[in-house]
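# Structure for the following, please:
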Amino acid sequence: MEVTIHHEYHAPEARLRKKLELVQTALRLDRDVLDEMRNELSGFRSAFARTKALALERAASLEAENAQRFALSEVAAAGSRRDVEIVRAEAEAARDAATNA
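Numbers count the residues shown, from 1 in each chain. You can find the predicted model right below:
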């Protein structure tokens with residue numbers, strides 16, 4: 001933004017008043033820009049906080065799902081071992097019965 005200052009040689013007070021007005025305008029514009037930047041930063045912080053919360057929530061959910069899968073696989077493995085033991089015991093019983101017969 002270009003500002004042209006008209007020199008009034010006969011009224012130095014008017015020149016000073018005009019310069020003061022220009023400085024006040026520049027300060028007001030700087031303050032407006034700073035306020036806008038603060039608002040943008042605040043928006044970024046809020047968005048980051050929401051994203052972080054969602055990521056932590058998702059991580060906790062995945063961790064719970066993995067723990068559940070592990071528990072189910074442990075139960076399945078225990079069941080398989082039990083089934084193998086039952087089949088082995090039945091085979092031994094059948095072998096013993098065949099040997100005794």
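# measure Glu21 to Arg38 for me?
26 Å (CB to CB, to the nearest Å). For glycine as for every other residue, the C-beta is placed from the backbone atoms N, C-alpha and C.
# what do you get for Gln24?
For Gln24, the distance to Arg38 equals 21 Å [CB to CB].
# and what of Phe48?
For Phe48, the distance to Arg38 - CB to CB - is 15 Å.
# cool, and Arg58?
Arg58 is 30 Å from Arg38, by CB to CB.
# Repeat that for Ala93.
82 Å.
# Name the spans of the chain whose pLDDT lies under the cut-off.
1-10, 101 (pLDDT under 70).
# quick one: the helices in it?
Secondary structure of the chain (DSSP state H): helices located at 12-100.
# In it, which residue is most central in space?
Lys52 (2.1 Å; CA atoms, centre = their mean).
# Report the contact partners of that one.
Contacts for Lys52 (CB atoms under 8 Å, 6 or more residues apart in numbering) come out as none.
# what about Arg15, neighbour count?
When neighbours are counted by other CB atoms under 10 Å, Arg15 registers 15.
# what separates it from Ala67, distance-wise?
Counting by CB to CB - Arg15 and Ala67 are separated by 77 Å.
# Repeat that for Asn100.
49 Å.
# and those two? which has more neighbours close in?
Ala67 (10 against 6).
# measure that one to Pro12 for me?
When Ala67 is compared with Pro12 (using CB to CB), they lie 81 Å apart.
# Would you mind writing the CA trace of stretch 54-64 as PDB?
Taking C-alpha atoms only, stretch 54-64 is exported to PDB below (Å, rounded to 0.1, in the frame of the first residue of the first chain):
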ATOM      1  CA  LEU A  54      -8.600 -38.900  17.500                       C
ATOM      2  CA  ALA A  55      -5.200 -40.600  16.900                       C
ATOM      3  CA  LEU A  56      -4.900 -41.500  20.500                       C
ATOM      4  CA  GLU A  57      -8.400 -42.800  20.600                       C
ATOM      5  CA  ARG A  58      -7.800 -44.900  17.400                       C
ATOM      6  CA  ALA A  59      -4.500 -46.200  18.900                       C
ATOM      7  CA  ALA A  60      -6.300 -47.300  22.100                       C
ATOM      8  CA  SER A  61      -9.000 -48.900  20.000                       C
ATOM      9  CA  LEU A  62      -6.400 -50.800  17.900                       C
ATOM     10  CA  GLU A  63      -4.600 -51.900  21.000                       C
ATOM     11  CA  ALA A  64      -7.900 -53.200  22.500                       C
END
